[in-house]
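Engineer: Okay, sequence plus prediction incoming.
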Number of protein chains: 2
Amino acid sequence: MMIPQVFWLVPIASIVALGMAYYFFTQMMKADEGTPRMKEIALYVRKGAMAYLKQQYKVVGIVFAVLCVLFAFMAYGLNVQNPWVPFAFLTGGFFSGLAGFFGMKTATYASARTANAARESLDAGLKIAFRSGAVMGLTVVGLGLLDIAIWFVVLNHFDADGLISITTTMLTFGMGASTQALFARVGGGIYTKAADVGADIVGKVEADIPEDDPRNPATIADNVGDNVGDVAGMGADLYESYCGSVLSTAALGAAAFGVAGLEIQLKAVIAPMLIAAVGVFLSLLGIFLVRTKEGATMKDLLRSLSVGTNVSAILIAAATFCILYLLDIQNWLGLSFSVIAGLAAGVIIGQATEYYTSHSYKPTQKISEAGQTGAATVIIKGIGTGMISTCIPVITIGVAIMLSYLCANGFDLSMSSESLAHGLYGIGIAAVGMLSTLGITLATDAYGPIADNAGGNAEMSSLGEEVRHRTDALDALGNTTAATGKGFAIGSAALTALALLASYIEEIKIAMTRAGVMMENVKGELISAADANIPDFMNFFQVNLMNPKVIVGAFVGAMAAFLFCGMTMEAVGRAAEKMVQEVRRQFREIAGILEGTGTPDYGRCVEISTRAAQHEMVIPSVLAILIPIIVGCVLGVAGVLGLLVGGLAGGFTLAVFMANAGGAWDNAKKNIEEGAFGGKGSFAHKACIVGDTVGDPFKDTSGPSLNILIKLMSMVSIVMAGLTVAFM
Amino acid sequence: MMIPQVFWLVPIASIVALGMAYYFFTQMMKADEGTPRMKEIALYVRKGAMAYLKQQYKVVGIVFAVLCVLFAFMAYGLNVQNPWVPFAFLTGGFFSGLAGFFGMKTATYASARTANAARESLDAGLKIAFRSGAVMGLTVVGLGLLDIAIWFVVLNHFDADGLISITTTMLTFGMGASTQALFARVGGGIYTKAADVGADIVGKVEADIPEDDPRNPATIADNVGDNVGDVAGMGADLYESYCGSVLSTAALGAAAFGVAGLEIQLKAVIAPMLIAAVGVFLSLLGIFLVRTKEGATMKDLLRSLSVGTNVSAILIAAATFCILYLLDIQNWLGLSFSVIAGLAAGVIIGQATEYYTSHSYKPTQKISEAGQTGAATVIIKGIGTGMISTCIPVITIGVAIMLSYLCANGFDLSMSSESLAHGLYGIGIAAVGMLSTLGITLATDAYGPIADNAGGNAEMSSLGEEVRHRTDALDALGNTTAATGKGFAIGSAALTALALLASYIEEIKIAMTRAGVMMENVKGELISAADANIPDFMNFFQVNLMNPKVIVGAFVGAMAAFLFCGMTMEAVGRAAEKMVQEVRRQFREIAGILEGTGTPDYGRCVEISTRAAQHEMVIPSVLAILIPIIVGCVLGVAGVLGLLVGGLAGGFTLAVFMANAGGAWDNAKKNIEEGAFGGKGSFAHKACIVGDTVGDPFKDTSGPSLNILIKLMSMVSIVMAGLTVAFM
């Protein structure tokens, strides 16, 4: 069919994003990397990180090869799947990996340069770190839009089955992205936390040496970990979120506006892509707004960062009204308000996250205070705080779901097929709105680990107290602005997962139509699946809350989230123990290491982390793919929908709990380090270090992986719909 | 209507149970309480426990008064509720409180006597402790059956609306029991863990004095806590489970067999009561089987206990076949197999619990091992183990749900109203089977805290190493046999909660009929709610998994479980901190306390625990009542069903996680105390004490309360159905 001209804004935005990313990269590379010692350390970290990534991509490659063969067999052998699926799946994984790779490459080049610039001034440090973060942000959105644009054009050219088929096929590249992202998050998360926990336990608690001290053998591994976990992992994660929200909304648009004629349907499909494309330009605007004068204070820096992100967010809200109005989409005003509901939810969740995890507020201060009575009360309080902190995000998301649904369908509660479809499209559009300025929000997020690594480099190169202070300030700054970004990421994940539920139903209908299976509607007449409305579908598949299959599915969904977290927690625990034993061994066996005369064997620690991550990431990740397939074959469509709802509700809550408990422990420790309750080295400090250490895998391994897990389970169900129908 | 003669077995069983409980009580009271010092300590504990219970019942009394006025207003003012509700609600609360009170009275009299008997021999100690536990078990089932029998007779006499109305009205006394149980579990749990955590942190970790040492000012509070938390709290909890399973199954029976004529319907209603009544006699048989010869070894004791519980369990399975056959209930054979499925699930869950929490197996041993690298890895491993341990119970429950459902309806997957109703009845009957031998399983459970307290008494009375060893052995014995009991309790809670979902739908229909509201069936015809089948109901109320109200409800349900746990964890944390500070203050200010020459101020610590429990139990408990009411008013029937399913799936998983993580930490510590990884006082021991302390509120406050929370939310929804319909 004819693609409207305005669509070409999407590839243009993609190319602009990638071009600007390249520009920022070359700018950064021109800066000086500092002293020979600084260069040496940066090289260590870069080599370790690249070596790890190569290893990881090998494992992921094998998984992708297996899945590709399976999909090819399903498509060409069993004929239960669209023939484009294997290829789309591959590109999703490839581009997701590429986004992580570029981000990490940039980060490993930027850290020494940031440290070197920080020798000069805070401002210079900020500029390098933030622009390097922007490389990551722009690469993610650029590659995402590129993949979307290419597949949309290709499928439009070859696929004659219409937009519903095209958009659901495109979701399989979302599955590729999710699969790669899960491996990246889990592998990177295990890597970084094994090193971090190990380094902290022996270094800070036992040997009483500071963070990033070159005498600590796990220090290089720790810094490598920041790159493979926080940078490459996060890049892959947000690539997945970004594409997932756009693709699922496009699929919902195709389903909702199918009856309104091809032209309108096409507009509904490209609307989320256009919002994302405009978001790229607004992100760029925001990035250029982040600039500080010579001699700027911390407050100025913070304001500067906030101005950048806030201006982008406000402008995207305004732009959404224009885009939807100009596209002349039915109920454009209501849909725009759906986006406002989503953005407001993101801001509120971000604020709540800030409240529960920043040591400017009571909950985290109380955790520090509990340090005075020991590690046990710190843990109890942290878990309590994390659990309580789920309340506001869940209620906010609940309200946002209802509002974006109702705004989009004109406050129609009838649950007629049309009203439902339009409402769900509204929920999807809200998620797209929340992620459309990812270019800048990811920049503020990604520059945190760069500043952190710069600090590590400064410490190991003995650049002195002041430089370390500056990099710490940059890091802290990032934490504050990142809260809103995190709110958007969590909120949009929940909305996207919900949107994917609807795509699952569409895909089941497509699979049934493909297989020529007829179904009974509620009146008992035999109809084609394509003609079934929601009550027909739900009735035919017995998807109601009294069906034991649905209940059992919901149980398994909630359990899957716990099982997954448990496995990743255990993996970190096991690897950290090995790391602790290795560091203790080196302290014992290598003479003069603590006096600074002997050189620690950094390579051994890097190897332990690499091997642990490789070894431990496979089972939980593969399980996430297998569970929905097994449930689909055993419990059918009703069981899968139960699984996805149980996984969404249980997993989302668990994710918020783990992220916030981890964040609160981290800052409770920082609060003490800034002098509260006895300050550094006090009894309370030791207790809070235990809390921080426990919190590490909470907030950086298990918690963030859950968002991907929830969506991956939906994506797998969608892609495997053909198999479920065949087993029916 | 005519009540069949066989029904009178129920009140007879009740009277026999209560009579035997009284007999065991008087037997126990005849034993000698030991030295004056032992009597003195027992008196301290008894007084503290009774004073606390009085306080607690005052607070609970106020809540009951408020709720009663509300129900009376709904029944007599708004006419949206059955007029019997306020009274039934009150008796449920009253009897639940009574069960806790009697159990605790017995326990506080028994502990010194057990210690004194243990001076003589292990066997003598076992006999007193176990028979005292049996008082509790028999009181709970006796009072439960009494309440059930009385209300059944009364309502049969006065209520002309038929068995569906009678049985759902009786569920309100279940709500009374659940409400009281939640307060008892939460209040008692906070009390006991505040004291325990406080005593452990200062005593074991800082001052290096053993458990229950009389020099520790928190020691009496700790022992009082065992009674109010583990005995009174557990009694109220299991009273609630026991009645809940019988009542919800009776309600399902009335609904499932309504079309088959009054006689058959009546049989289906009394079948669960009869199974429970026969269970009483089999429990008594089991209790008498628990006897040991003079000079019995630990192994003999264990075998003796196992014989008692296993014989009861096997006989109840056989008896169920007979009861259902003699009642001539349709598909009696299938229903009996449902019970077998339930019992098998209980055994498997119990075994899995044992595997993940006993230090005879790898998972807990690995936690001990992690102690060598410090407290942080102990916590990480424990949380990981707890999360992974949710897998087997959830899958087992899933299989049990499907099997008991399918056995009961002749493997009919059609989801027709009839097949669904019969299947759900099977699920209910399975839960009743699991709890029917509660008389003996609770005896093996309740004697643990009695032995624990006897140990406390022995320690504080300086009875010497050997006596303490014997009471420890008794305690350890209890832990092993209790695993199966716990499996039955957890499993039956999930099945009962599922059965309550169905009762909710019935109650909504009754409320609609009462209000004269008509509804549309799937064909669009206007029918009376009473005539609606499941697809009609689900369609009319839009209860399907694409309805955002259902999804939002599920989110809130999962969040409610986390919020509730978070609040109770924080409560324990806060109270424990106060306790630690008080104990430290006494060590500092009271001269000679650690040398044993000064007397600690036990009263202050008892007061801190009492006040904290009073103060902290109200908000979480009231929240559990308010959440379903609010969701019902805002999101309607669809939202409530989402809430209950989300709460069930999320809450059950969370409960298993918390209980098992706590149990594993406890035994990881015991493992070290038995000599592993350096033994008592080693680095690993200190690390594992932190784990045990964190685990205390996990396994004794937050975790066990969740089972009640899940059912209470269902009960509240059922009782408030009239309000939800009025808001429609």
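Structural biologist: The structure has been received and is ready for your questions.
Engineer: Make sure A:Gly308 is actually in contact with A:Val290.
Structural biologist: Yes: under the criterion of C-beta atoms under 8 Å, A:Gly308 is in contact with A:Val290, at a separation of 4.1 Å. Where you see a C-beta, it was placed from the backbone N, CA and C, and this is true even at glycine.
Engineer: tell me the secondary structure for A:Glu240?
Structural biologist: helix (DSSP: H, G, I helix; E, B strand; the rest coil).
Engineer: My guess is it contacts A:Ile708. True?
Structural biologist: Yes: applying C-beta under 8 Å, one finds A:Glu240 in contact with A:Ile708, separated by 6.1 Å.
Engineer: what's the burial count for A:Ser414?
Structural biologist: Residues near A:Ser414, counting by other C-beta atoms under 10 Å in any protein chain shown, number 10.
Engineer: and it, helix, strand or coil?
Structural biologist: Per three-state DSSP, A:Ser414 ends up coil.
Engineer: For it, give its distance to A:Leu420.
Structural biologist: Distance of A:Ser414 to A:Leu420, given as C-beta to C-beta, to the nearest Å: 9 Å.
Engineer: what's the answer for A:Phe555, then?
Structural biologist: For A:Phe555 relative to A:Leu420 (C-beta to C-beta), the value is 26 Å.
Engineer: so what's the residue of the stretch 301-450 of chain A found nearest chain B up against?
Structural biologist: Using C-beta to the nearest C-beta, the closest approach of the stretch 301-450 of chain A to chain B is made by A:Met387 at 2.7 Å. By C-beta atoms under 8 Å, 6 or more residues apart in numbering or on different chains, the contact set of A:Met387 is A:657, A:661, B:562-563, B:565-567, B:569.
Engineer: what two of those residues have the greatest distance between them?
Structural biologist: The largest separation in those, counting by C-beta to C-beta, is between A:Ala661 and B:Met567 at 14.4 Å.
Engineer: For these two, indicate the residue with more neighbours.
Structural biologist: Set side by side, A:Ala661 and B:Met567 show more neighbours around A:Ala661, with 31 against 22, by other C-beta under 10 Å.
Engineer: okay, now the closest residue to that one other than its chain neighbours: neighbour count?
Structural biologist: With sequence-adjacent residues excluded and distances taken as C-beta to C-beta, 6 or more residues apart in numbering or on different chains, A:Ala661 is closest to A:Gly386, at 2.7 Å. By other C-beta under 10 Å, the residues close to A:Gly386 number 30.
Engineer: likewise A:Gly92?
Structural biologist: 32.
Engineer: before we move on, what about the one 3 residues further on?
Structural biologist: Neighbour count of A:Phe95, defined by other C-beta under 10 Å: 26.
Engineer: so where is the stretch 401-550 of chain A shaky, pLDDT-wise?
Structural biologist: A:479-483 (pLDDT under 70).
Engineer: at 80 what do you get?
Structural biologist: A:475-487, A:522, A:535 (pLDDT under 80).
Engineer: and the longest helix for chain A?
Structural biologist: helix A:618-673 (DSSP state H).
Engineer: So which of the contacts of A:Met387 is the closest to A:Arg46?
Structural biologist: A:Ala661 (32.7 Å).
Engineer: residue contacts, that closest one?
Structural biologist: A:Ala661 makes contacts with A:382-383, A:385-387, A:389, A:695, A:698-699, as judged by C-beta under 8 Å, 6+ apart.
Engineer: In terms of helices and strands, where is the residue of the stretch 51-200 of chain A found nearest chain B?
Structural biologist: Taking C-beta to the nearest C-beta, chain B has its nearest neighbour within the stretch 51-200 of chain A at A:Val197, 6.6 Å off. If you go by DSSP states H and E, A:Val197 is part of helix A:163-199.
Engineer: tell me the angle that helix makes with helix A:618-673.
Structural biologist: Interaxial angle, helix A:163-199 versus helix A:618-673 (axes from the mean of the first three to the mean of the last three C-alpha atoms, to 10 degrees): 60 degrees.
Engineer: Near chain B, which residues of the stretch 251-400 of chain A are found?
Structural biologist: Contact residues, the stretch 251-400 of chain A versus chain B (C-beta under 8 Å from any C-beta of the partner chain): A:369-370, A:372-377, A:379-381, A:383-391, A:394-395, A:397-398.
Engineer: For ChimeraX, write the select line for the buried members of the residues you listed.
Structural biologist: Command for ChimeraX that selects the buried part of those, burial taken from 16 or more other C-beta atoms under 10 Å in any protein chain shown:
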select /A:369,370,372,373,374,375,376,377,379,380,381,383,384,385,386,387,388,389,390,391,394,395,397,398
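Engineer: Can you tell me how far the closest residue to A:Phe540 other than its chain neighbours is from chain B?
Structural biologist: Closest residue to A:Phe540 apart from its sequence neighbours, by C-beta to C-beta, 6+ apart: A:Met519 at 4.7 Å. In this structure, A:Met519 and chain B are 14 Å apart, going by C-beta to the nearest C-beta, to the nearest Å.
Engineer: pretty sure A:Met519 is touching A:Ala532, no?
Structural biologist: Yes: in this structure, A:Met519 is within contact of A:Ala532 by C-beta under 8 Å, at 6.0 Å.
Engineer: so who does A:Pro36 touch?
Structural biologist: Applying C-beta under 8 Å, 6+ apart, no residues qualify as near A:Pro36.
Engineer: how would you label the residue lying closest to the residue of the stretch 51-200 of chain A closest to chain B once chain neighbours are set aside: helix, strand or coil?
Structural biologist: Of all residues not flanking A:Val197 in the chain, A:Ala576 sits nearest, at 3.8 Å (C-beta to C-beta, 6+ apart). Look at A:Ala576: counting by three-state DSSP, its state is helix.
Engineer: neighbours around A:Ala576, how many?
Structural biologist: The tally of other residues near A:Ala576 (other C-beta under 10 Å) stands at 34.
Engineer: With A:Ala318 instead?
Structural biologist: A:Ala318 is flanked by 11 other residues according to other C-beta under 10 Å.
Engineer: quick one, phi psi at A:Glu520?
Structural biologist: With angles defined as degrees, to the nearest 10, A:Glu520 sits at phi -90, psi 140.
Engineer: partners of it in the sheet?
Structural biologist: Taking DSSP bridges, one obtains A:Leu526 as the residues bridged to A:Glu520.
Engineer: Now for it: which residues touch it?
Structural biologist: Taking C-beta under 8 Å, 6+ apart, we find A:Glu520 in contact with A:526-527, A:536, A:540.
Engineer: Tabulate these in TSV, adding columns for neighbour count.
Structural biologist: Listed next are the contacts of A:Glu520 as TSV, based on neighbours: other C-beta atoms under 10 Å in any protein chain shown:
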residue	neighbour count
A:Leu526	8
A:Ile527	15
A:Asp536	20
A:Phe540	17
